[in-house]
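**Q** Give me the fold of what follows.
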Amino acid sequence: MRPIVGSIVALVTPMLEDGSVDYAGLRKLIDWHIAEGTDCIGVVGTTGESPTVSVEEHCEIIRVAVEHAKGRVPIMAGVFAVITFAAIGLPGLNSFVGEFMTMLGAWERAPLLAVFAAIGLVLTPVYMLRLFQGVTQGEPVGPAPKSDIYAGQLGLLTPLVLLMFVIGLYPAVLTNLMISLGQAGLAR
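**A** Numbering: from 1, shown residues only. Now for the predicted structure:
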């Protein structure tokens, strides 16, 4: 694959009056940019519409752009929103089913462990969505906080970070529990 150099355009997604994607307009924009010498087109990035279109629309915009460009220019697809939503376990995306089934199994076998997992599942979306907001919308308006993290947050995060290291260094603690949960489920 050759490196992408030259004019790279973050294309806006044209919308119709009813808020739906204007695919004919998208095709016209792609043709115009190619005719004007654009070397690469980025679609559904962070130009504003990525967080507002559905996952299905997101995928369809990418498909239409790639098909319409027909290899004349590379198409860069913005996937930051989809990856963020998958990471926080948005229903319908890959992480949700795994997290739900793991929590269900853990609750039956080790409720205390399930409570700790639930805390992580609550904190993850908070931080992921804050990251997503910062990347897509820039710096927050208003007074800047004096610190990135406060004592209460540090007190909550410290045991979670330590637990991450324990699981990372001694994975048998978690894998043995998961094996026993799986065997108990299969025994039913």
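**Q** okay, and for the protein, where does confidence drop off?
**A** 1-4, 46-51, 78-101, 132-142, 144-149, 164 (pLDDT under 70).
**Q** What helix or strand is Gly25 located in?
**A** Taking DSSP states H and E as the definition, one finds Gly25 inside helix 23-35.
**Q** One more: Phe116?
**A** Taking DSSP H and E as the definition, Phe116 sits inside helix 111-137.
**Q** and the next element down the chain from that helix?
**A** helix 151-169.
**Q** list the helices and strands that next one packs on?
**A** helix 111-137, helix 172-187 (3 or more Cβ pairs under 8 Å, 6 or more residues apart in numbering; DSSP states H and E). C-beta here means a position set from N, CA and C on the backbone, and glycine is covered the same way.
**Q** These into a markdown table, with extra columns for distance to Val21?
**A** Putting those into a markdown table (distance: least, Cβ to Cβ, whole Å) gives the following:
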| stretch | distance to Val21 |
| --- | --- |
| helix 111-137 | 18 |
| helix 172-187 | 42 |
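**Q** what's the most buried one of these?
**A** Burial of these is given as mean neighbour count (mean count of other Cβ atoms under 10 Å); helix 111-137 ranks first at a mean of 14.
**Q** any idea how far that helix is from the chain center?
**A** A distance of 12 Å separates the centroid of the chain from that of helix 111-137, by Cα atoms, centre = their mean, to the nearest Å.
**Q** what sits against Ile119?
**A** Residues near Ile119 by Cβ atoms under 8 Å, 6 or more residues apart in numbering: Leu160.
**Q** tell me the secondary structure for His58?
**A** Assigned with DSSP: H, G, I helix; E, B strand; the rest coil, His58 falls in the helix class.
**Q** Thanks again, I'm all set now.
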